[in-house]
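In: What would the 3D arrangement of this be:
(chains A and B)
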Number of protein chains: 2
Amino acid sequence: MNDRAIGIFDSGLGGLTVVSEILAAMPEEDVIYLGDSARVPYGIKSAETIRRFALEDAAFLLSKQPKLLVVACNTASAAAIEAIEQCSSVPVVDVIRPGAAEAVRATDGAIGVVGTEATIASGAYRRAIHELDSDRQVIEAACPLLVPIVEEGRDPSDPIVLHVLADYLARLQRLRPGVLILGCTHYPLLSAAISKLMGPEVKLVSSASAAAQYVRFVMAESGMRRRTGTQGLVSCYTTDNSARFSRLAGRFIGPRSQLESVEHIGTEDLAEALESLGGSLRTPLP
Amino acid sequence: MNDRAIGIFDSGLGGLTVVSEILAAMPEEDVIYLGDSARVPYGIKSAETIRRFALEDAAFLLSKQPKLLVVACNTASAAAIEAIEQCSSVPVVDVIRPGAAEAVRATDGAIGVVGTEATIASGAYRRAIHELDSDRQVIEAACPLLVPIVEEGRDPSDPIVLHVLADYLARLQRLRPGVLILGCTHYPLLSAAISKLMGPEVKLVSSASAAAQYVRFVMAESGMRRRTGTQGLVSCYTTDNSARFSRLAGRFIGPRSQLESVEHIGTEDLAEALESLGGSLRTPLP
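Out: Below you'll find the model as predicted:
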C-alpha cells in the first residue's frame, strides 16, 4: 500500500485520456498531471528536442515524489523512455509497450499503427511488436493533422475529419490488419470515426487504455494500490495558461472530471528540475 | 548606410516567406533568422506564453546587434509588439500594421482577415485597420489547421486542403470583402488555392510581402540600406534540430535560397538572452 500520487505527463492535453482511463479503473488514486502545453506538439519535432523536453517533464514530476511515473505521450515514449527509466527512482510505464502487447494478444494477423510523424518515424511500435513476435507484419501510417484536428475541437462526425482520416487510412483499409493501434493519446477522441472507416472486423487498441490497464497491473503486483474509500484528486500543472488548460481539459477527461487544481509552471522550472535531478544521478543524463 | 544584418524571427519556418520577400527586394542585405521550431506553433497558445517566447526571440536577435528587427510572425506581432518595441534599441517592424495599411489602401470595401486562433482572438488586425479607418468593416476567420497543413507539406491542390479552406472561408465567400489579408506567414504557400475559392475580385494581401515592402521603405528613409554589389548572406538559428530546419526551409524560401548556415540554439539560451537584456534596460520588462 502506498498513498503517494501517480505522476503522469504529456506534451499537452492528450495524456488526460490516460488519466481518464486510470480514474475509471482506480478512482481512489491521486494523480499529478503535467501537460507541456507551451511546447505542444512534440510529434513534429526532432528526437533530440523531444528527449530533452520529456526528461524535463519527468524530472519535474519526480520532484513531486510520485509512486509511479506514466509517460502518457506516445511521441515522448518513443524518443525518451530509456533515458527516463535511467533517471527514475520509481517504476516507469510508457504508452507504447502496453499497446503493442495488447495488439499482439488480440490478433494473429497484421497489426496497423497510426501515430504522429515522430512516433512513426521512430519505429518504436514496430520494435515493441517484434520483441513479442518477430514475424508479425506491421503496417504504419503517420497522421500529422489528427492532433491539431482534435485540439481544434472539431466534431468527429465533421466531413473534414472523415476526409482527412480516409486519406491517412487508405492503405490500412486496403491491407485490413486484424488490429489497429491508436498510437497517440489524442486519437481515442476519434475512435468512432476511425472504426467506421476501418469496419467492425478491425479491432481498435487504444494506447491510453492499454497503458491504464498496465498501470493497474503493475500497481497490484507491487502492492502500490491505495486502500481508501475516498475519491482521489487530480492536480494538474501546465506550462501554458492554466485557464486555457482548464477550459479544454473537459474534452479529454470527460464529464466525471475531478480536477482538484490547475497551476501554471514555467518551462524554465522544468529545466531546473532536470538540472537538480542530473546532479543527484550517479550516471550523467544522456 | 549600415552594414549590419536585419534580424528576423518567427515561431518556426513561416517567417522565411518574409525573408524570401526581403531578399527579392534587397538581395544585398544580410539576414539573421531565428525560427523557434522547438516551441512551434505559437498560434494555439495563450497570450502570456506567446509574449514570453517572443521577447526571448527578440532578445536573442538583439544580442547579435542587428540594424533592424522584424517580427515575422503574426501571432507574436499581435501578442508582443509593444513589449518588444519597449526593449529594442533598433527599429522594429511587425507583420500586422503593414498588412493592415496595404489592405486599407487597396479597397474602399470590407476587409477580410484569416489567421491563427491567437492572432484572430487578439483583435490586432481589427485594431490596426480601425486606427487607419475607424468605419471599415472587418471580417475575421481563425483557421487553426492551415499551419499544420502547410508544415505537413501537403500540395495546395490536394482535395483536403481545398475542403479545409472552403470550410474556413465559407462566411468570407458569402460576404465578399474587397481584400483578404493572409494574416499568417504560412498562408502565402496556399495563396493560389485561397484565390481560387475567393474569386478574382477579392485581392489577397500577404502580410509577409507587405512587411517586406515596409522594411524596404524604413531602411531607405533612415539611410540603412547596404551599398554593395555582392549578395547578402542568410544565417539561421533554430531551437529544434538544424538538419530538419534545413530540409524544410526550401519549401518556404524558394529555390533561390542562399542559407549560409543553420545552427541549433537552445531555448534556455534564448531565456538567458532575455535575462541579460532585462538587466540592461532602464524600465523592467513587462
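
In: Hmm, residue A:198 is touching residue A:172, no?
Out: Yes: under the criterion of CB atoms under 8 Å, residue A:198 is in contact with residue A:172, at a separation of 6.9 Å. For every residue, glycine as well, the C-beta is placed using N, CA and C.

In: how about the residue in the stretch 51-200 of chain A that chain B sits nearest to, what does it touch?
Out: Closest contact between the stretch 51-200 of chain A and chain B, by CB to the nearest CB, is at residue A:148 (4.3 Å). Taking CB atoms under 8 Å, 6 or more residues apart in numbering or on different chains as the criterion, residue A:148 is in contact with A:41, B:44, B:144-145, B:148.

In: can you pull the pLDDT of the one residue in the stretch 1-150 of chain A that gets nearest to chain B?
Out: Residue of the stretch 1-150 of chain A nearest chain B, by CB to the nearest CB: residue A:46 (3.2 Å). According to the prediction, residue A:46 has pLDDT 92.

In: Next: the one 10 residues further on.
Out: On the pLDDT scale, residue A:56 is placed at 97.

In: quick one on the thing from earlier: backbone phi and psi for the nearest residue to the residue of the stretch 1-150 of chain A closest to chain B once chain neighbours are set aside, please?
Out: Spatial nearest neighbour of residue A:46, excluding adjacent residues (CB to CB, 6 or more residues apart in numbering or on different chains): residue B:241 at 3.2 Å. The phi/psi pair for residue B:241 (degrees, to the nearest 10) reads phi -70, psi 130.

In: need the residues of the stretch 1-150 of chain A near chain B, please.
Out: Applying CB under 8 Å from any CB of the partner chain, we find that the stretch 1-150 of chain A lies next to chain B at A:37-40, A:44-49, A:53, A:144-145, A:148-149.

In: And the buried ones among these, selectable in PyMOL?
Out: In PyMOL, a selection of the buried entries from the residues of the stretch 1-150 of chain A next to chain B looks like this (16 or more other CB atoms under 10 Å in any protein chain shown):
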select buried, chain A and resi 37+38+39+40+44+45+46+47+49+53+144+145+148+149
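
In: what helix or strand is residue A:274 on?
Out: helix A:267-280 (DSSP states H and E).

In: Tell me what angle that helix forms with helix B:267-280.
Out: Helix A:267-280 and helix B:267-280 are oriented at 120 degrees to each other (axes from the mean of the first three to the mean of the last three CA atoms, to 10 degrees).

In: Pull the distance from helix A:267-280 to the chain's centre.
Out: Computed by CA atoms, centre = their mean, to the nearest Å, the chain-centroid distance of helix A:267-280 equals 22 Å.

In: Also stretch A:261-268?
Out: 19 Å.

In: now check it, is it near chain B?
Out: Yes: using CB under 8 Å from any CB, we find that stretch A:261-268 touches chain B at A:267-268.

In: what is the rounded mean pLDDT of that stretch?
Out: 94.

In: got a list of contacts for it?
Out: With CB under 8 Å, 6+ apart as the criterion, stretch A:261-268 contacts A:34, A:36, A:38-39, A:56, A:60, A:235-242, A:245-246, A:249, B:267-268, B:271.

In: and those residues, which of them are in strands?
Out: A:34, A:235-238 (DSSP state E).

In: Measure how buried the residue in the stretch 101-250 of chain A positioned nearest to chain B is and give me the count.
Out: The stretch 101-250 of chain A approaches chain B most closely through residue A:241 (3.2 Å), counting by CB to the nearest CB. Residue A:241 has 19 neighbours, counted by other CB atoms under 10 Å in any protein chain shown.

In: In this structure it contacts residue B:52, no?
Out: No: the pair residue A:241 / residue B:52 is not scored as a contact, 10.9 Å apart, by CB under 8 Å.

In: all helices for chain A, in order.
Out: Secondary structure of chain A by DSSP state H: the helices cover A:16-25, A:47-62, A:74-87, A:96-106, A:117-122, A:124-132, A:146-152, A:159-175, A:191-198, A:207-221, A:242-253, A:267-280.

In: Can you give the distance of the fifth one from its chain's centre?
Out: The gap between where helix A:117-122 is centred and where its chain is centred comes out at 14 Å by CA atoms, centre = their mean.

In: cool, stretch A:242-256 as well?
Out: Taking mean C-alpha positions (CA atoms, centre = their mean), stretch A:242-256 and its chain are 16 Å apart.

In: how about that stretch: buried residues?
Out: So for stretch A:242-256, counting by 16+ other CB under 10 Å, buried means A:242, A:244-245, A:248-249, A:252-253.

In: for those residues, which one is nearest residue B:94?
Out: Checking those against residue B:94 by CB to CB gives residue A:244 as the nearest, at 23.8 Å.

In: So for the closest one, what's the nearest residue that isn't a sequence neighbour?
Out: Closest to residue A:244 by CB to CB, 6+ apart is residue B:46, at 5.2 Å.

In: So the one you found versus residue A:34, what's the distance?
Out: 17 Å (CB to CB, to the nearest Å).

In: Please apply the same query to residue A:50.
Out: For residue A:50 relative to residue A:34 (CB to CB), the value is 15 Å.

In: tell me the two of the residues of the stretch 1-150 of chain A next to chain B that are most distant?
Out: A:48 and A:149 (27.0 Å).

In: domain parsing for chain A?
Out: With domains defined by automatic domain parsing, chain A comprises A:6-94+A:211-280, A:96-209.

In: Can you pull up the residues of the stretch 151-286 of chain A that come close to chain B?
Out: Taking CB under 8 Å from any CB as the criterion, the neighbours of chain B within the stretch 151-286 of chain A are A:151-152, A:159-160, A:163-164, A:167, A:239-241, A:243-244, A:267-268, A:271.

In: List only buried entries from those residues.
Out: Buried among these by 16+ other CB under 10 Å: A:151-152, A:160, A:164, A:239-241, A:244, A:267-268, A:271.

In: Find the nearest non-adjacent residue to residue A:167, please.
Out: That would be residue B:160: by CB to CB, 6+ apart, it lies 5.8 Å from residue A:167.

In: about what we covered before: from the ones in strands among the contacts of stretch A:261-268, which single one is nearest residue B:21?
Out: The nearest one, if we look at those relative to residue B:21 and count by CB to CB, is residue A:238, at 36.4 Å.

In: quick one, what contacts the closest residue to the closest one other than its chain neighbours?
Out: Once flanking residues are discounted, residue A:238 sits nearest to residue A:245: 4.1 Å by CB to CB, 6+ apart. If you count contacts by CB under 8 Å, 6+ apart, residue A:245 has them with A:13, A:35, A:37, A:236, A:238, A:262.

In: try 7 Å this time
Out: Residues in contact with residue A:245 (CB atoms under 7 Å, 6 or more residues apart in numbering or on different chains) are A:35, A:37, A:236, A:238, A:262.

In: Sweet, I'm off.
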